[in-house]
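Engineer: give me coordinates for this.
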Amino acid sequence: MPAVARAALTALLAGVLAGGCAAGGGQQGRPGSDEQTQIALTRAATTNATKLLVVVEENHSLAQMRAGMPYTFGLAKRYGYATQYHAIRHPSLPNYIAIASGNTHGVVDDRPPSEHRLRGATVFQAGLQRHRRTAVYAQSMPRRCATTSQGAYAVKHNPWAYFPGQRRQCRGHNFSMRHFGPDVQNGRLPRVGMVVPDLNHDAHDGTLRTADRWFKNLMSQVTAGPDWKSGRLVVVLTADEDDGSQGNRVLTVVVHPSQRHHVVRRSLNHYSLTRLYSEVAGLPRIGQASSAPSMARAFGLPVP
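Structural biologist: Numbering: from 1, shown residues only. Take a look at the predicted model:
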């Protein structure tokens with residue numbers, strides 16, 4: 001068992017035992033409840049994470065997100081976060097492309113898919129090729145795999161739409177958010193997953209506080225679902241880039257039962273996140289993920 005998981009498990013079980021003692025006779029009506037809770041916590045903290053859900057916020061530094069997103073940073077302190085995680089470059093689009101494919105493909109702007117017809121592998125394609133459930137949930141997207149922006153939907157934040165050779169796969173697995181709730185409830189969250197909030201909820205047009213409330217609502221759904229409770233699911237929240245004030249250093253939060261007050265100071269970047277898809281879902285490393293620092297190792301995540 002990784003050291004981080006052992007520490008998390010020890011602390012979790014200590015909390016359960018303390019709670020049971022404090023409760024005293026309050027548990028008499030439910031014999032064995034403490035033992036059942038201990039077993040569930042043990043399994044969740046040590047079960048291999050086989051599903052990864054990445055949530056991407058917009059254009060704010062580590063310091064700004066820490067100050068402006070109290071729920072999110074509270075979650076970071078409770079579970080784990082990185083202090084030296086850097087985006088790849090500016091503006092937004094190259095960073096989304098980097099996460100999805102391990103390469104920026106020379107993209108240096110935010111132009112639409114009609115002007116960037118990219119070739120090469122993506123983690124989404126790799127997941128489907130190996131029969132891993134794969135999904136990108138894009139809020140306010142008018143239709144599956146929409147290749148033009150509309151309303152609060154920004155295609156520059158939906159990287160799969162930039163790979164025309166994967167268009168059929170994208171149309172089959174790039175959903176609006178109305179699919180998200182049922183997938184959570186039914187334990188069908190993808191092994192290779194991404195959530196793209198719209199411009200109102202990713203802190204691009206809206207405030208950090210609005211983005212924070214949106215993420216809190218998302219996580220309330222996730223943590224009530226069987227994928228989370230089983231320990232199969234790891235959730236990562238990051239930002240595509242900073243605002244230019246902190247050398248592209250952004251808050252990156254890792255939420256999994258194995259993590260407890262874990263602060264990672266090792267240098268990581270978006271290619272490390274590409275690699276994490278491979279480590280969690282059992283995929284080949286693509287692009288610069290091959291040489292990127294391992295997030296699974298840095299955080300001590302239990303992976304297959």
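Engineer: so what's the closest residue to residue 247 other than its chain neighbours bridging to?
Structural biologist: Leaving out its chain neighbours, the residue that sits closest to residue 247 by C-beta to C-beta, 6 or more residues apart in numbering is residue 86, at 6.9 Å. From N, CA and C alone the C-beta is placed, and that goes for glycine too. Going by DSSP bridges, residue 86 is paired in beta bridges with residue 249, residue 269.
Engineer: go ahead and confirm residue 86 touches residue 266.
Structural biologist: No. Residue 86 lies out of contact with residue 266 (C-beta atoms under 8 Å); the separation is 11.6 Å.
Engineer: neighbour-wise, which of those two wins?
Structural biologist: Ranked by neighbour count (other C-beta atoms under 10 Å), residue 86 and residue 266 place residue 86 first, with 20 against 15.
Engineer: now the helices: where do they sit in the chain?
Structural biologist: 3-23, 33-46, 62-68, 70-78, 92-101, 123-129, 167-173, 180-185, 208-223, 226-230, 270-281, 295-299 (DSSP state H).
Engineer: domain assignment for the chain?
Structural biologist: What automatic domain parsing lists as the domains of the chain is 1-23+31-46, 49-299.
Engineer: pull the number of nearby residues for residue 151.
Structural biologist: The local packing of residue 151 (other C-beta under 10 Å) involves 11 other residues.
Engineer: and the nearest residue to it once chain neighbours are set aside, how many neighbours?
Structural biologist: Excluding its sequence neighbours, the residue lying closest to residue 151 (C-beta to C-beta, 6+ apart) is residue 140, at 5.8 Å. Residues lying near residue 140 (other C-beta under 10 Å) number 19.
Engineer: next: the one 3 residues further on.
Structural biologist: Neighbour count of residue 143, defined by other C-beta under 10 Å: 12.
Engineer: pLDDT score assigned to it?
Structural biologist: If you check residue 143, the pLDDT there is 97.
Engineer: please report how far it lies from residue 136.
Structural biologist: 14 Å (C-beta to C-beta, to the nearest Å).
Engineer: likewise for residue 162?
Structural biologist: Residue 162 is 12 Å from residue 136, by C-beta to C-beta.
Engineer: and if you look at residue 128?
Structural biologist: From residue 128 to residue 136 the distance is 12 Å (C-beta to C-beta).
Engineer: so where's the stretch 1-150 of the chain uncertain?
Structural biologist: Residues of the stretch 1-150 of the chain that meet the criterion pLDDT under 70 lie in 1-42.
Engineer: recalculate using a threshold of 50.
Structural biologist: For the stretch 1-150 of the chain, the stretches with pLDDT under 50 are 10, 12-29, 31.
Engineer: what residues are up against residue 224?
Structural biologist: residue 184 (C-beta atoms under 8 Å, 6 or more residues apart in numbering).
Engineer: in JSON lines, list the helices of the chain along with distance to residue 109.
Structural biologist: What follows is those, written out as JSON lines (distance: least, C-beta to C-beta, whole Å):
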{"stretch": "helix 3-23", "distance to residue 109": "39"}
{"stretch": "helix 33-46", "distance to residue 109": "43"}
{"stretch": "helix 62-68", "distance to residue 109": "24"}
{"stretch": "helix 70-78", "distance to residue 109": "29"}
{"stretch": "helix 92-101", "distance to residue 109": "7"}
{"stretch": "helix 123-129", "distance to residue 109": "22"}
{"stretch": "helix 167-173", "distance to residue 109": "21"}
{"stretch": "helix 180-185", "distance to residue 109": "30"}
{"stretch": "helix 208-223", "distance to residue 109": "24"}
{"stretch": "helix 226-230", "distance to residue 109": "36"}
{"stretch": "helix 270-281", "distance to residue 109": "17"}
{"stretch": "helix 295-299", "distance to residue 109": "28"}
